[in-house]
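J.: Quick one, what's the 3D model for this:
(one chain, ligands or ions: 1)
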Amino acid sequence: MAILVLGGAGYIGSHTVYELIDAGRDVVVADNLITGFRKAVHPKARFYEVDIRDKKAMDALFEKEHIEGVIHFAASSQVGESMVDPLKYYDNNLWGTISLLESMVEHGVDKIVFSSTAATYGEPERMPILEYDRTQPTNCYGETKLAMEKMMSWTSRAHGLRYVALRYFNACGAHASGEIGEAHDPETHLIPVILQVPNGQREKISVFGEDYPTKDGTCVRDYIHVTDLAQAHILALDYLIKGGENNVFNLGNGVGFTVKEVIDVARKVTGHAIPAEICPRRAGDPAQLVASSDKAKTVLGWKPQFNDLETIVSSAWAWHKAHPHGFEG
Ligand code: UFG
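T.: Now for the predicted structure:
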């Protein structure tokens, strides 16, 4: 039986497909290629260019392929964009998931692992963040992801489907093969934007705010390697296959780095001075987001391999240096 990866041409999806194929699994990828890249799809995966909102096409896929479980990455995921175009997020993330769950229920596919986010917490009450802490998103992206979690929960009660929601902190890094890595257009994430400076695509990095209540005044985030995230999806799917109940897990390293610390690591890794300019705060940025991932470690047996920021940034740099224009260069 095959594993269906929705959004398998995107950043975290493509890395998960690589890990699944490496583990000898049969993989089907569906992606509408709006933000994903055909070249990011592992050559051994069967690819369908499908939008999850296209129920007819999804039904046809479920009829053709023998699907054991679904890993669902297909969503819009930019915090800033979600604030100016919220209905796009309701349409793609919520309507897309309604349509998907209908199709799954109709075809008797009852296991789903999906991308949730630290943005479901909003401004955290305490650090590190635990799964049962208050969820009060401060942006529409986080709101739609929280609603997806709730949608799964109610669908589970009614139809017996089981799910795992994985709340990622800051995904970064690239695959060890050098074949796939992070590629967004426009790019807004800190590490790839910093690396545009040594790559000659940007003169300096803008630091969004230096007046946060943190050790150097810049925001603290928990950076987690994309391959470690990918492994967690496989563990979560196997947990459901073995009969595990509905669950939610944080995925982070449990260590926070400030924006300035990340820039310093990038200077060391690239040997470039990387000029930085202090700019005003970016709307909606919480001061600190650091995960407790003890639950994923205990319940799923997850063991992140890349817990050192220098190694993570080095893997990102290897990809960006070799592919300055992502999959289009
Ligand atoms: N930052 C800068 N300059 C930049 C880009 C980012 O200073 O050019 C700062 C941001 O203000 C933030 C930190 O670097 O403090 C990290 O920013 P990212 O945009 O890389 O990541 P976010 O923490 O904003 O967002 C990530 C994921 C989202 C998820 C969110 C959870 O990308 O999908 O974590 O809060 F929703």
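J.: which helix in this protein runs the most residues?
T.: helix 140-159 (DSSP state H).
J.: by how many degrees do the helix or strand just after that one and helix 140-159 diverge?
T.: Next in sequence after helix 140-159, counting helices and strands by DSSP states H and E, comes strand 162-168. Strand 162-168 runs at 160 degrees relative to helix 140-159, counting by axes from the mean of the first three to the mean of the last three CA atoms, to 10 degrees.
J.: mind listing what strand 162-168 pairs with, with the direction of each?
T.: Strand 162-168 sits in its sheet next to strand 111-117 (parallel), strand 247-251 (parallel), going by DSSP bridges.
J.: what does it contact?
T.: With CB atoms under 8 Å, 6 or more residues apart in numbering as the test, strand 162-168 has contacts from 12, 110-118, 120-121, 131, 148-149, 152-153, 156, 224, 229, 232-233, 236-237, 239-240, 244-252, 291, 296. In short, each C-beta sits where N, CA and C put it, glycine included.
J.: Filter these to keep only those in contact with the ligand.
T.: With CB under 6 Å from any ligand atom as the criterion, the members of those in contact with the ligand are 117, 118.
J.: Report the buried members of the contacts of strand 162-168.
T.: 12, 110-118, 120-121, 131, 148-149, 152, 156, 224, 229, 232-233, 236-237, 239-240, 244, 247-252, 291, 296 (16 or more other CB atoms under 10 Å).
J.: list the contacts for the residue nearest the centre of the chain?
T.: Central residue of the chain (CA atoms, centre = their mean): residue 12, 5.2 Å from the mean position. Going by CB under 8 Å, 6+ apart, residue 12 touches 73, 115, 168, 171, 226, 229, 230.
J.: nearest spatial neighbour of the fourth one, skipping sequence neighbours?
T.: Spatial nearest neighbour of residue 171, chain neighbours left out: residue 226 (5.3 Å); criterion: CB to CB, 6 or more residues apart in numbering.
J.: and the one you found, how many neighbours?
T.: 27 (other CB atoms under 10 Å).
J.: Where helices are concerned, which of the contacts of residue 12 count?
T.: Per DSSP H, those map to helices at 226, 229, 230.
J.: want to try JSON lines for those, with pLDDT as columns?
T.: As requested, these are arranged in JSON lines below (pLDDT from 0 to 100):
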{"residue": "226", "pLDDT": "98"}
{"residue": "229", "pLDDT": "98"}
{"residue": "230", "pLDDT": "98"}
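J.: where do the strands sit along this structure?
T.: For the chain, applying DSSP state E gives strands covering 2-6, 26-31, 46-49, 67-72, 111-117, 162-168, 170-172, 205-208, 220-221, 223-225, 247-251, 257-258, 276-279, 288-289.
J.: Would you confirm that residue 58 contacts residue 65?
T.: No. In this structure residue 58 lies outside contact range of residue 65 using CB atoms under 8 Å: 10.8 Å.
J.: Comparing the two, which residue is more hemmed in?
T.: residue 58 (25 against 19).
J.: can you tell me which residues contact the residue lying closest to that one once chain neighbours are set aside?
T.: Closest residue in space to residue 58, ignoring its immediate chain neighbours: residue 103 at 4.5 Å, by CB to CB, 6+ apart. Going by CB under 8 Å, 6+ apart, residue 103 touches 55, 58, 59, 62.
J.: same thing with residue 222?
T.: Residue 222 touches 118, 128, 169-170, 252-257, 289-291, counting by CB under 8 Å, 6+ apart.
J.: Looking at residue 284 now. What's its pLDDT?
T.: You'll see residue 284 listed with a pLDDT of 79.
J.: what packs against the helix-or-strand element of the chain with minimal mean pLDDT?
T.: When each helix and strand of the chain is scored by mean pLDDT, DSSP states H and E, helix 79-84 comes last, with a mean of 90. Packing partners of helix 79-84 (3 or more CB pairs under 8 Å, 6 or more residues apart in numbering; DSSP states H and E): helix 86-89, helix 140-159.
J.: one step back: angle of the longest helix of the chain against strand 67-72?
T.: 150 degrees.
J.: in terms of contact, does residue 206 touch residue 275 like I think?
T.: No. The criterion here is CB under 8 Å, and residue 206 misses it with residue 275 at 10.3 Å.
J.: Please tell me which one of the contacts of residue 103 counts the most neighbours.
T.: Counting by other CB under 10 Å, top hit in these: residue 58 with 25 neighbours.
J.: Roughly how far does whichever residue of the stretch 201-329 of the chain sits closest to the ligand sit from residue 114?
T.: Relative to the ligand, the nearest point of the stretch 201-329 of the chain is residue 219 (3.0 Å; CB to the nearest ligand atom). Distance of residue 219 to residue 114, given as CB to CB, to the nearest Å: 26 Å.
J.: same question, residue 83
T.: Residue 83 is 22 Å from residue 114, by CB to CB.
J.: Would you mind checking the average pLDDT for stretch 265-278?
T.: The model assigns stretch 265-278 a mean pLDDT of 98.
J.: got the residues of the stretch 101-250 of the chain near the ligand?
T.: 117-119, 141-142, 170, 188-190, 193, 205-208, 219, 221.
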